[in-house]
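K.L.:
generate coordinates for the sequence data below:
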Amino acid sequence: GDAMWVNVLSMVLFGIAIGVLICFLGGLMAVDIVPRKATGAALGIVGMASYCAAGIQDVASGWLIDANISVTADGARHYDFGPVAFFWIAASVISFILPLLNRKKSAEIG
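P.N.:
As a prediction, the model looks like this:
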């Protein structure tokens, strides 16, 4: 039979594992940047921003995938993941560059 629950369970577990890792690393970066008295606020803001951004990323990925489906004459659906892969790679590059730019500015101030 078609075991859809295995796919759903694996995606849920993958999402939880990656989400926890991303929030943990983002939280560590936030705590490292702010003064000691503001660590709780920094963790809270990073956590909320992480969940909001993850939701936006899911919706944007869904739109990009849905917009690039082609249906052949026999009714078969073909997915083009090129645009969504470009989106993911661009988001990764931007998320790598932004902290570097922020780190440089905070080092000049301090």
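
K.L.:
and Gly75, which helix or strand is it part of?
P.N.:
Assigned by DSSP states H and E, Gly75 falls within no helix or strand.

K.L.:
state the phi and psi torsions of it.
P.N.:
phi 90, psi 0 (degrees, to the nearest 10).

K.L.:
burial check on it, number of neighbours?
P.N.:
Counted with other CB atoms under 10 Å, residues neighbouring Gly75 total 6. Yep, even glycine has a C-beta here, placed from its N, CA and C like the rest.

K.L.:
check contacts around it.
P.N.:
For Gly75, no contacting residues are found, by CB atoms under 8 Å, 6 or more residues apart in numbering.

K.L.:
Phe81 versus that one, what's the distance?
P.N.:
Noted for Gly75: a distance of 20 Å to Phe81, by CB to CB, to the nearest Å.

K.L.:
just Ser10 next, same as before
P.N.:
18 Å.

K.L.:
low-confidence bits of this protein, can you list those?
P.N.:
Along the chain, segments meeting pLDDT under 70 span 1, 104-110.

K.L.:
one more time with 80
P.N.:
1-2, 19-20, 22-31, 33, 43, 46-47, 50, 99, 102-110 (pLDDT under 80).

K.L.:
spatially central residue in it, please.
P.N.:
Centroid-nearest residue in the chain: Ala54, 4.9 Å away (criterion: CA atoms, centre = their mean).

K.L.:
just say helix, strand or coil for it.
P.N.:
helix (DSSP: H, G, I helix; E, B strand; the rest coil).

K.L.:
equivalent analysis for the one 3 residues further on, please.
P.N.:
Of the three states, Gln57 takes helix under three-state DSSP.

K.L.:
now the nearest residue to it once chain neighbours are set aside: how far from Ala17?
P.N.:
Of all residues beyond its chain neighbours, the one nearest Gln57 is Ala91 (7.0 Å), with distances taken as CB to CB, 6 or more residues apart in numbering. In this view, Ala91 and Ala17 are 19 Å apart by CB to CB.
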